[in-house]
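1. next input, structure requested:
(2 chains)
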Amino acid sequence: MLPEYVSISLSLSDIRGGSSITKTRHYLTLAVLIVFQFAAALAVYGADGGMKAASFVPQWLPQAQFAGFYVALDKGFYKKYGVDLKIITGGPERPPFVQLKEGRADFALMELSSAIAMLAKGQRLINIAQVVRQNSQMIVARKASGIVTVDDLNGMKLSVWGGDYGDYSAIAFLKRHHIKAHIVNQSASVDLFMRGAVDAAVAMSYNDYHNILNSGLDPGDLVTFAFHDYGVDFPEDGLYVSEQRHTADPELSCAFVRASVEGWLYAFAHPDEALDIVMKYMIEAHVPSNKAHQKWMLTKMRELIIPDNDTTQIGILRREDYEHTAGQLKADGLIETVTPYESFYKNCVKK
Amino acid sequence: MNRFIKTVLKNRGITFKLIFLLLTGSILIFALVFKYNYELTRKIILKNAEDNARHIAEIAVNKIEGVLLMVQRVNQNSVKYMETIDETKEDVNHRLRQEVENNREIYGATLAYAPHTIDKELKYYAPYYFRRDGAIIHKLLGGADNYFNKDWYQIPMELGRPIWSEPYFDPDAQIIESTYSVPFREDAQGERFIGVSATDVDLNWLHETVASVKMFKTGYAFLISKNGTIVTHPDKNLIMNESIFSIAETREDKNLREIGKAMIRGETGFKQIEGYGLHPVPKHGKVRKSWLLYMPLKSEGWSLGLIVPEEELLSEITALHKKEIAIAFAGMFFLSILIASVSASLIRPLKRLAVATKDIARGNLDIETPYVMTNDEIGQLTASFTYMKTALKDYIRELTLTTRAKQLIESELKIAHDIQMSFLRKIFPPFPDIPEFDIFAAIMPAKEVGGDFYDFFFIDDTHLCFIIADVSGKGVPASLFMAMTMTMLRAQSTTGLSANEILFNVNAKMAKDNNVNMFVTIFYGILDIKTGVVEFANGGHNPPLLYKKATAGLIPLETGGIVVGIMEEDITFDKGVVTMHGGDFIVMYTDGVTEAINEKDEEFGEERLNHIIAENHGLAIDALIGLINDEVNQFSGQQPQFDDITLMVLKYEGCDNTGSKEEP
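-> Below you'll find the predicted structure:
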């Protein structure tokens, strides 16, 4: 009995046909080679023309949510900045904060609110770039359920992502609007909502919302409450490094950030090429994928990463965003003290 | 359109017009019949195809549902058993193993208990039996699996009823599975949720079953889940990756999205879609069309789609219609030939008639007219034409004969006229050795042979006879009458009789035998050249005018006689006598002078003549005659000359000039 979304690393060769098997083997060989190279590089650290080895874990499996990182990797931007980067796949069974904590990854992508919570729990983290600067989440309900206003959510069965690593936007939203709903944990699929097991569900604009549309519901069938429209605008994906790792080599952190920003800019300028790159990594990782969904995701990511259309602001965590998020978490009793902005965030974008 | 037809038909032959109009009409009629026939047969074929596809789909759906319903029954029976019989953990394990063992369609089975239900101490308890490499493996699902947050557990728990999960890929087993989960309670009446009984099905057989569904040459079936995810499809890249909605989004095909929605609502339908089913649409080239029959798998909420490529569906009707069009074209071709030949047979005589008409216009009446056997309008036209040609020919023949006769007569008349003219003296001065007098005459004949004449001759050495006459009528009779009169007058002149006696004799002879009622006016004069005495008689002629030099006056020489030849034999004529002196002259003329008509229908008249003579008495006599002639011509203008114009002037010069001659 295995969960429906866990389809991570093993070959799909029996379904995908012969040529894919060859391809898969090729990739495997490549992966093995890369690992060996990595090991060798570690063994003779510093001999590789000043190239520094580093690893990065995003929250999830390859998808357009991380297009900038995969594009930067594929186009050799990290190498250009002297970073020999390895992207480790994330996912529910290997959450980034755990990998960061256990030292299996140098850098991790995490939601701002969960990072603040981690920090409050004693994990020594530093934000080196705020990638997603606008909150993407919303509550989705069927119009047919009779839900029209936020208040109508009271008493309804609402599914939200739970677990330790999740972010706190949904909880902050419910508290802020004093909603007493029957909360159910939701998985990565939208089936709970689609089957009508819950009245409403939390969805990300770039992912789950589109999955709902592509399960046969039209935007006109739905009512949505985007959090950022309702006073909860927690920035999401940010790049984190352990304090210890950052202190040891702050240049490495910033080189990684700058290469990533360049990757994002390239992805937005060349969306078709970026999608092809992302799809390549998805297939490599045996992640179910279709281009329509990835295209939607990349389009939405652009809106979230540069909501003000000012590309110079990519990667910058604004003080007010941080204080809004941390302040809300403190107010909701999720944290006791707010770490000062200066010690939480190190600006690597600024030259 | 009208203008177009007019432009096309302008300056075209009848054959072209006939072919153009009849073919256009035929093509229109054919196109209408063809269109109707096409729509009708298409409808029938589509209906048949739909029935056929429905039948094929029903068989496939029943086959799939047979297996899935069996799985449902096993699971539901298990739950019913559990809700009635208290089981130990060992009993449960044994039963689960047996379920997997006894049903080859079942890949794995579990009883997943809610927290602290089977055992107060245990949060997770879910014994799981599944196949692996021909063996049945036992595993206890627990916290690492976090099954409380899995759809197969959570959804039936929340809904309180069994569900089939969305298909998912099991990376450990490398298969696509779907799980049928039934929530179970404490007992049959109990409300308390205890857990979920879940049965995994390997969907590999489903793939084979659906792949075996075929229609026509490249028709195929596919299966989508409740969310529209593609579960089976010949293009394996689509399976679990795409949904019917993501494909619709990529293609920007709203119709496909609507069909997808109808499919997941559990509807049945037969709809046309763009593309070869759900296969990726090629970026270039013609997009194929296909028909999609969809039918729900009721118990799972899934839907089976059966794709029939339109070109295969309509291949028979396409072939039929190609033949129809070929036949129609052949028909049109033969129809054109038929029209052309019919129209040619109609037009040939017309064309020949046109040629013949041209020849006839050029005067060739001996040309053969086209032979037409038919008695239709063309035949009638040809007959009329032939009749016209014959009539024309006859007419022309008659005309030719008449003309020839007329020409003959005219030439004879000409001869007669010439002879007549030869009677007249034409050499002036006639007597150049005789100084006592001068005489000049001129005759301007009208078109036809006329009856005017003049004459002068010596009777003896001293007596000059001079005559002017006008025979009534024109032409040959007048000419002959004139010749006769002239002969008689000459004959009588030798008798030595006086002028009036001569006219008496001539009249007597003429009137006696005159059966033709012709007559003649005669002025007969005798001049004694020695004395200047003129003895004359006038038989109805315009009185000549005597110009007396001494008085410069004009005296008409009138005796009161009537016309000669028509009256009684014993009609007498008076004798007149005048004496001319040197410089006196007599102007004699016929009525052609005085009765000449101008454009206002006025006569020239005697007054004009008198005036001309009086004004121009000094002119030489030939010049005077020329002048009078010119005046008459000028007066007449463009009016044709109807009558002969004859003028004669006798001028007496006197005896003194010579000295040899004595005054009497």
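
2. what sits against whichever residue of the stretch 301-450 of chain B sits closest to chain A?
-> In the stretch 301-450 of chain B, the residue that lies nearest chain A is B:Gly301 (9.0 Å; CB to the nearest CB). No exception for glycine: its C-beta is placed from N, CA and C like everyone else's. By CB atoms under 8 Å, 6 or more residues apart in numbering or on different chains, B:Gly301 lies in contact with B:164, B:225-226, B:264, B:266.

3. near chain A, list only the ones from the residues you listed.
-> The residues of the contacts of B:Gly301 that also fall near chain A, by CB under 8 Å from any CB of the partner chain, are B:226, B:264.

4. how close does B:Glu607 sit to B:Ile613?
-> Distance, B:Glu607 to B:Ile613, using CB to CB, to the nearest Å: 11 Å.

5. flag every buried residue along stretch B:176-190.
-> Buried positions in stretch B:176-190, judged by neighbour count with 16 or more other CB atoms under 10 Å in any protein chain shown: B:176-185.

6. do stretch A:289-304 as well
-> Quick answer for stretch A:289-304 (16+ other CB under 10 Å): A:289-298, A:300-302, A:304.

7. and residue 249, how many neighbours does it have?
-> Let's take chain A. 14 (other CB atoms under 10 Å in any protein chain shown).

8. sorry, should have said chain B
-> 23.

9. do I have it right that B:Gly277 meets B:Ser290?
-> Yes: the pair B:Gly277 and B:Ser290 passes the contact test of CB atoms under 8 Å, sitting 5.6 Å apart.

10. intersection of neighbour lists for the two?
-> With CB under 8 Å, 6+ apart, B:Gly277 and B:Ser290 have common neighbours B:307, B:309.

11. show me the contacts of B:Gly301 that map onto helices.
-> Filtering those for membership in helices, criterion DSSP state H, returns B:Ile264.

12. just give me the closest of the contacts of B:Gly301 to A:His270.
-> Proximity of the contacts of B:Gly301 to A:His270 (CB to CB) peaks at B:Ser225, which lies at 34.1 Å.

13. which residues does the closest one contact?
-> B:Ser225 is in contact with B:166-167, B:178, B:231, B:300-302, counting by CB under 8 Å, 6+ apart.

14. also B:Asp528?
-> Residues counted as contacts of B:Asp528 (CB under 8 Å, 6+ apart) are B:462-463, B:534-535, B:664.

15. any idea which of those is closest to B:Asn598?
-> Nearest member of the contacts of B:Asp528 to B:Asn598, counting by CB to CB, is B:Val534, at 33.5 Å.

16. quick one: mean pLDDT over stretch B:648-657.
-> For stretch B:648-657, the mean per-residue pLDDT is 82.

17. low-confidence ranges in chain A?
-> A:1-49, A:92, A:163-166, A:351 (pLDDT under 70).

18. where do the strands of it begin and end?
-> For chain A, the strands defined by DSSP state E cover A:52-57, A:83-87, A:107-111, A:125-130, A:137-142, A:157-161, A:182-186, A:200-204, A:222-226, A:237-242.

19. hang on, the earlier thing: among the contacts of B:Gly301, which lie within strands?
-> Checking those against DSSP E, those in strands are B:Trp164.

20. in ChimeraX, select just the buried ones from the contacts of B:Gly301.
-> In ChimeraX syntax, the buried subset of the contacts of B:Gly301 is picked out as below (16+ other CB under 10 Å):
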select /B:164,225,226,264,266
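
21. what's the host helix or strand of B:Leu353 packed up against?
-> Here B:Leu353, judged by DSSP states H and E, is contained in helix B:315-361. If you count contacts as 3 or more CB pairs under 8 Å, 6 or more residues apart in numbering or on different chains; DSSP states H and E, helix B:315-361 packs onto helix B:14-84, helix B:377-423.

22. could you tell me the angle between that helix and helix B:14-84?
-> Inter-element angle recorded for helix B:315-361 and helix B:14-84: 170 degrees (by axes from the mean of the first three to the mean of the last three CA atoms, to 10 degrees).

23. of the contacts of B:Ser225 - the most surrounded one?
-> Per-residue neighbour counts (other CB under 10 Å) across these peak at B:Trp302, which has 28 neighbours.

24. and that one, what are its bridge partners?
-> Note on B:Trp302: beta-bridge partners B:Leu297, judged by DSSP bridges.

25. so who does it touch?
-> B:164, B:223-226, B:231, B:296.

26. let's have these in TSV, adding pLDDT.
-> TSV is the format used below for the contacts of B:Trp302 (pLDDT from 0 to 100):
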residue	pLDDT
B:Trp164	94
B:Leu223	95
B:Ile224	95
B:Ser225	94
B:Lys226	93
B:Val231	93
B:Pro296	96
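
27. from what I can see B:Pro445 touches B:Asp418, true?
-> No: between B:Pro445 and B:Asp418 there is no contact under CB under 8 Å: 10.5 Å.

28. wait, what's in contact with B:Met488?
-> Counted by CB under 8 Å, 6+ apart, B:Met488 has contacts B:506, B:509-510.

29. would you mind measuring from the closest residue to A:Ala181 other than its chain neighbours to chain B?
-> Spatially, and ignoring its direct neighbours in sequence, A:Ala181 is nearest to A:Leu158 (4.1 Å; CB to CB, 6 or more residues apart in numbering or on different chains). Separation of A:Leu158 from chain B (CB to the nearest CB, to the nearest Å): 12 Å.

30. thought A:Leu158 was touching A:His182?
-> Yes: between A:Leu158 and A:His182 there is a contact at 6.7 Å, judged by CB under 8 Å.

31. higher neighbour count, these two?
-> When neighbours are counted by other CB under 10 Å, A:Leu158 and A:His182 differ, and A:Leu158 comes out ahead with 24 against 13.

32. thought B:His617 was touching B:Leu546?
-> No: at 11.4 Å, B:His617 does not count as touching B:Leu546 under the criterion of CB under 8 Å.

33. please read off the pLDDT at the residue of chain B found nearest chain A from the model.
-> Taking CB to the nearest CB as the measure, chain B has B:Tyr168 as its residue closest to chain A, at 3.2 Å. Model confidence at B:Tyr168, expressed as pLDDT, equals 89.

34. same question, B:Asp91
-> Per the predicted model, pLDDT is 88 at B:Asp91.

35. one more: the one 3 residues further on?
-> At B:His94, the predicted lDDT confidence score is 91.

36. could you pick out the residues of the stretch 1-150 of chain B near chain A for me?
-> B:108, B:110, B:112, B:126, B:128, B:130, B:141, B:145, B:147-150.

37. give the contact list for the residue of the stretch 51-200 of chain A found nearest chain B.
-> Residue nearest to chain B within the stretch 51-200 of chain A: A:Ala197 (3.7 Å; CB to the nearest CB). For A:Ala197, the contacting residues are A:157, A:159, A:184, A:191, B:154-155, B:158-159, by CB under 8 Å, 6+ apart.

38. and the furthest pair within those residues?
-> Greatest spatial distance in these: A:Lys157 and A:Asp191, 14.5 Å, computed using CB to CB.

39. hmm, B:Met482 is touching B:Ser472, no?
-> No: contact status for B:Met482 versus B:Ser472: not in contact, 10.3 Å apart, counting by CB under 8 Å.

40. shared neighbours, these two?
-> Contacts common to B:Met482 and B:Ser472, judged by CB under 8 Å, 6+ apart, are B:451, B:520.

41. neighbour-wise, which of these two wins?
-> Comparing B:Met482 with B:Ser472 by neighbour count (other CB under 10 Å), the higher total belongs to B:Met482, at 22 against 18.
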